[in-house]
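Student: Just to be clear, the model below is a prediction. Sequence and coordinates:
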Amino acid sequence: MVEGDDPRGRLRALADARGDSLMALSAMLGRNAAYLQQFVTRGSPRRLAAEDRRRLADYFGVDEVELGADPGRRAFTVPRLDVAASAGPGAFVDGEIVLGAEALDPALAARLGLREGMAAIVRVRGDSMQPGLVDGDLIVVDRARRTPDARGAVFVIRIDEAVMVKRVRRGRDGLIAASDNPAAAPVPDGAIEVIGRVVWLMREPR
């Protein structure tokens, strides 16, 4: 079997190319030090666990198929939600109306670090985040990433009953939300509930 068809040989080649030891990669996965060495040299386990394979593929920037995933695996399905139908704080997923679902390429989902059941697609409304996001854009929100840092990023948040997309950073006294469009109305006062980080923009060319 040639290296390109052998996930064990491919993993060793990827590790060697980056100067990473299999022991260090095993530690990154939270496994014992010999985990990947045994996989590569002894074939034990016969296949990498799905989560381990996903994390390694994401780390090396390759498709999971190269590390032994089934080429015919199903697409990563993300629900598309109507955020206008809010059922109150914390109801971003369970209390929202599901309009349908979108299929993301599994390699893209892995690169974005998305996990099943933790992502959603919502539509941007208004112009407060122009020029980066415009009215009607569909965005992928990762609900597993809900902790803004001091540098900030774009998040979907809730203030009282209003769901909105804002740039959020952590300040000395707590979270600070702002619009990218300087002409937008001020962000309303109130406690900021972070729903998830915007990790992908699904837009046709304009």
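Tutor: Received the coordinates, thanks. Please read all numbers here as calculations on a predicted model, not as lab measurements.
Student: can you give me the helices in the chain?
Tutor: Ranges of helices in the chain, per DSSP state H, are 7-18, 22-28, 35-42, 50-60, 106-111.
Student: The ones you listed into JSON lines, with extra columns for mean pLDDT and mean neighbour count?
Tutor: Quick note: C-beta positions are derived from backbone N, CA and C, even for glycine. Output for these, formatted as JSON lines (pLDDT from 0 to 100; neighbours: other Cβ atoms under 10 Å):
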{"stretch": "helix 7-18", "mean pLDDT": "92", "mean neighbour count": "17"}
{"stretch": "helix 22-28", "mean pLDDT": "93", "mean neighbour count": "17"}
{"stretch": "helix 35-42", "mean pLDDT": "93", "mean neighbour count": "18"}
{"stretch": "helix 50-60", "mean pLDDT": "84", "mean neighbour count": "19"}
{"stretch": "helix 106-111", "mean pLDDT": "84", "mean neighbour count": "20"}
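Student: Dump the ones you listed to a markdown table, plus distance to residue 192.
Tutor: Output for those, formatted as a markdown table (distance: least, Cβ to Cβ, whole Å):
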| stretch | distance to residue 192 |
| --- | --- |
| helix 7-18 | 39 |
| helix 22-28 | 32 |
| helix 35-42 | 40 |
| helix 50-60 | 29 |
| helix 106-111 | 27 |
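Student: What are the boundaries of the strands in this structure?
Tutor: 76-82, 97-104, 119-123, 138-142, 153-159, 162-171, 174-178, 192-202 (DSSP state E).
Student: what's the least confident stretch among these?
Tutor: Among the strands of the chain, strand 97-104 carries the lowest mean pLDDT, a mean of 68.
Student: how long is stretch 125-143 end to end?
Tutor: Start-to-end span of stretch 125-143 (Cα to Cα, to the nearest Å) is 19 Å.
Student: who's in contact with it?
Tutor: For stretch 125-143, the external contacting residues (Cβ atoms under 8 Å, 6 or more residues apart in numbering) are 78, 80, 92-93, 102, 104, 112-114, 118-124, 154, 156, 164-167, 179-181, 184-185, 195-203.
Student: Contacts only, for the nearest residue to residue 58 once chain neighbours are set aside.
Tutor: Leaving aside its sequence neighbours, residue 58 sits nearest to residue 110 (Cβ to Cβ, 6 or more residues apart in numbering; 5.0 Å). Residues in contact with residue 110 (Cβ under 8 Å, 6+ apart) are 54, 57, 58, 64.
Student: of all those residues, which two lie farthest apart?
Tutor: 58 and 64 (8.9 Å; Cβ to Cβ).
Student: bridging residues for residue 202?
Tutor: residue 138 (DSSP bridges).
Student: hang on, isn't it packed against residue 103?
Tutor: No: using Cβ atoms under 8 Å as the test, residue 202 is too far from residue 103 to be in contact (11.2 Å).
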